[in-house]
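Engineer: got a sequence here, can you build the structure:
(one chain, ligands or ions: 1)
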Amino acid sequence: MAQILLIEDEAGIASFVMKGLSAAGHQPTAVATGRDGLNHARTGGYDLVILDIGLPDIDGFEVLRTLRGEGHTVPVIMLTARSSVDDTVTGLESGADDYMPKPFRFEELIARVRLRLRAAQPAAQGADPTQLQVDDLVLDVRSRQVDVGGRTVDLSAREFSLLETFMIHPGQVLSREQILSRVWGYDFDPGSNVVDVYVRYLRRKIGAERIQTVPRMGYRLVAE
Ligand code: CA
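Structural biologist: Below you'll find the model as predicted:
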């Protein structure tokens, strides 16, 4: 559920990426020029920027250098031409966090988006970047330990990332599709009931009342 800014002048690519990002549960905004992109990115209201190089006014490199020069640290994925190693190198030197060679499949892009958002997550957590806390639930990202009301519980790797997903969005309703794409990745069959099964496992370990079923929508981690 990240706010993502897409700076891309090719309408076909923009609409394909926008649809995919929305389907993955994000809130994307698209602009078609470097200047518009810069103005949007400067607001600081985005979790991630996807930036094309070839734009009609100022190119992607300049947008990126300007942003970095002004101290903006928002993660940036650059869309580069597959054939151009120079573009990729220049992009990374200008302060891009990652690059996506064109043409790409949406799954390739969303995998990088997920990775960049996850990498940026600890910095946004404030005081202790390795810990997530919701009421008396404490999840330590580094030691992968979970405490519930002061008691340590053992979680499997999937249960851990499911709880982590809930704790990044406390009190927010997450659909099965959103949970699937975050915890199991994109290749999973959307008709699968694996999310319900794992929510059941997790409830047994952390207390059933902590994860609420929201009919026809999904699940929510209860946060006081
Ligand atoms: Ca372009």
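Engineer: give me the below-cutoff pLDDT ranges for the chain.
Structural biologist: By pLDDT under 70, the low-scoring segments of the chain are 82-83, 121-129, 186-188, 190.
Engineer: what does this protein have sitting close to the ion?
Structural biologist: When proximity is defined as CB under 5 Å from the ion, the chain approaches the ion at Asp9, Asp52, Gly54. Just so you know, the C-beta spots here come from the backbone N, C-alpha and C atoms, and that holds for glycine as well.
Engineer: just checking, the last one touches Gly60?
Structural biologist: Yes: Gly54 sits in contact with Gly60 when judged by CB atoms under 8 Å, with a separation of 7.3 Å.
Engineer: residues touching whatever residue of the chain ends up closest to the ion, list them.
Structural biologist: Closest to the ion within the chain is Gly54: 3.7 Å, counting by CB to the ion. Contact analysis of Gly54 by CB atoms under 8 Å, 6 or more residues apart in numbering lists Asp9, Gly60.
Engineer: can you rerun that using 10 Å?
Structural biologist: Each residue near Gly54 by CB atoms under 10 Å, 6 or more residues apart in numbering is listed here: Glu8, Asp9, Glu10, Gly34, Gly60, Leu79, Thr80, Ala81, Asp87, Lys102.
Engineer: turn the residues you listed into JSON lines, including neighbour count and secondary structure.
Structural biologist: As requested, the contacts of Gly54 are exported to JSON lines (neighbours: other CB atoms under 10 Å; DSSP: H, G, I helix; E, B strand; the rest coil):
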{"residue": "Glu8", "neighbour count": "24", "secondary structure": "coil"}
{"residue": "Asp9", "neighbour count": "17", "secondary structure": "coil"}
{"residue": "Glu10", "neighbour count": "15", "secondary structure": "coil"}
{"residue": "Gly34", "neighbour count": "25", "secondary structure": "helix"}
{"residue": "Gly60", "neighbour count": "26", "secondary structure": "helix"}
{"residue": "Leu79", "neighbour count": "25", "secondary structure": "strand"}
{"residue": "Thr80", "neighbour count": "26", "secondary structure": "strand"}
{"residue": "Ala81", "neighbour count": "14", "secondary structure": "strand"}
{"residue": "Asp87", "neighbour count": "21", "secondary structure": "helix"}
{"residue": "Lys102", "neighbour count": "18", "secondary structure": "strand"}
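Engineer: mind putting the residues you listed into CSV with distance to Thr73?
Structural biologist: Shown next, in CSV, are the contacts of Gly54 (distance: CB to CB, whole Å):
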residue, distance to Thr73
Glu8, 22
Asp9, 25
Glu10, 27
Gly34, 19
Gly60, 17
Leu79, 20
Thr80, 21
Ala81, 26
Asp87, 22
Lys102, 25
